[in-house]
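J.: just coords:
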């Protein structure tokens, strides 16, 4: 068996559920959304695609609205596919698809994937989340995390491997949070819709650490701009504050730049010349009466 899954927390939990169900001999391909699309266009074959756009003729298990609409538009959605834009996470869908019953470890994995994808992962799991993010382009580390989750569930926090790897990146994580604290201290007021450019200020893999501290400042929508380097594509991740989830749909903005996602969380890769002017214009389309929009550098 061969599956492809996303490199984020939800995707890793999907892989863990498959590994727990079918054993550690199955092949797991860890992929970004763009890589999944490239694999599909290149004729690559897998049995299951999780938390990603459908690869080839695989069974697609996903919860992204943009993917569902694309499958419908191209007549690629089959009865075997389990694509539900109303599901909170792909992990939830995989858990049901694999018909787990009376398995406490599988239930813990399902809960972690679910909480991570709705941005409510308990703080004690930050070491796991940070190690995962810092190794998101290392398939060996992602496989190790998947296997540890499959074996240990929540007890992955006590494993030597995780503790050792967290100690390696802890200083980078703490430095990132110090920069965020300094930014917050230097800005007393924030707009309702904030475009925050973190390029050359924060490690791209930790840029999303700014979401929660800024949402605590009464910001409704954040468009987070980041990039690995000046030679790498720009990425924009959109998030909506939990209290505002029914008032804004950031997936419509992401689509205008060739991306997609959910109402509360979406992403895209705009061109350099589209930041910030076009991004501001597109965000104005979802702004409510009285909303301010501001572009800031961290």
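T.: Looks like it came in fine. Note that the coordinates shown come from a computational prediction; the quantities given were computed from them, not determined experimentally.
J.: residues contacting the closest residue to residue 210 other than its chain neighbours?
T.: Leaving aside its sequence neighbours, residue 210 sits nearest to residue 180 (CB to CB, 6 or more residues apart in numbering; 5.4 Å). For every residue, glycine as well, the C-beta is placed using N, CA and C. Taking CB atoms under 8 Å, 6 or more residues apart in numbering, we find residue 180 in contact with 202, 209, 210, 213, 298.
J.: so the third one versus residue 1, what's the distance?
T.: When CB to CB, to the nearest Å is the yardstick, residue 210 and residue 1 sit 38 Å from each other.
J.: these two: which has the busier surroundings?
T.: Using other CB atoms under 10 Å as the criterion, residue 210 and residue 1 rank with residue 210 on top: 25 against 13.
J.: pairing partners for the helix or strand bottoming out on mean pLDDT in the chain, with directions?
T.: Within the chain, confidence by mean pLDDT, DSSP states H and E is lowest for strand 260-261 among all helices and strands, at a mean of 82. Counting by DSSP bridges, the strands paired with strand 260-261 are strand 265-268 (antiparallel).
J.: show me which positions of the partner strand end up buried.
T.: 265, 266, 267, 268 (16 or more other CB atoms under 10 Å).
J.: could you point out which element follows it?
T.: helix 277-284 (DSSP states H and E).
J.: name the next helix or strand downstream of that next one, please.
T.: strand 293-297.
J.: I'd like the average pLDDT over the helix or strand hosting residue 13.
T.: For residue 13, the host element (DSSP H and E) is helix 9-22. Helix 9-22 carries an average pLDDT of 97.
J.: pLDDT weak spots in the stretch 151-298 of the chain?
T.: Confidence mapping of the stretch 151-298 of the chain against pLDDT under 70 gives the ranges 229-231.
J.: okay, helices next: where are they in it?
T.: Remark: helices assigned in the stretch 151-298 of the chain by DSSP state H, counting those that start in this stretch are 160-185, 211-215, 251-255, 277-284.
J.: in CSV: these, plus distance to residue 75.
T.: Output for the helices of the stretch 151-298 of the chain, formatted as CSV (distance: least, CB to CB, whole Å):
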stretch, distance to residue 75
helix 160-185, 43
helix 211-215, 36
helix 251-255, 20
helix 277-284, 29
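J.: so which of these gets nearest residue 193?
T.: Of all the helices of the stretch 151-298 of the chain, helix 277-284 sits nearest to residue 193, with 5.5 Å by CB to CB.
J.: buried sites along that closest one?
T.: Of all the residues in helix 277-284, those buried under the rule 16+ other CB under 10 Å are 279, 280, 282, 283.
J.: what does stretch 14-27 give?
T.: Result for stretch 14-27 [16+ other CB under 10 Å]: buried residues 14, 15, 16, 17, 18, 19, 20, 21.
J.: a markdown table please, covering these and showing distance to residue 107.
T.: Formatted as a markdown table, those follow (distance: CB to CB, whole Å):
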| residue | distance to residue 107 |
| --- | --- |
| 14 | 15 |
| 15 | 17 |
| 16 | 12 |
| 17 | 10 |
| 18 | 15 |
| 19 | 15 |
| 20 | 11 |
| 21 | 13 |
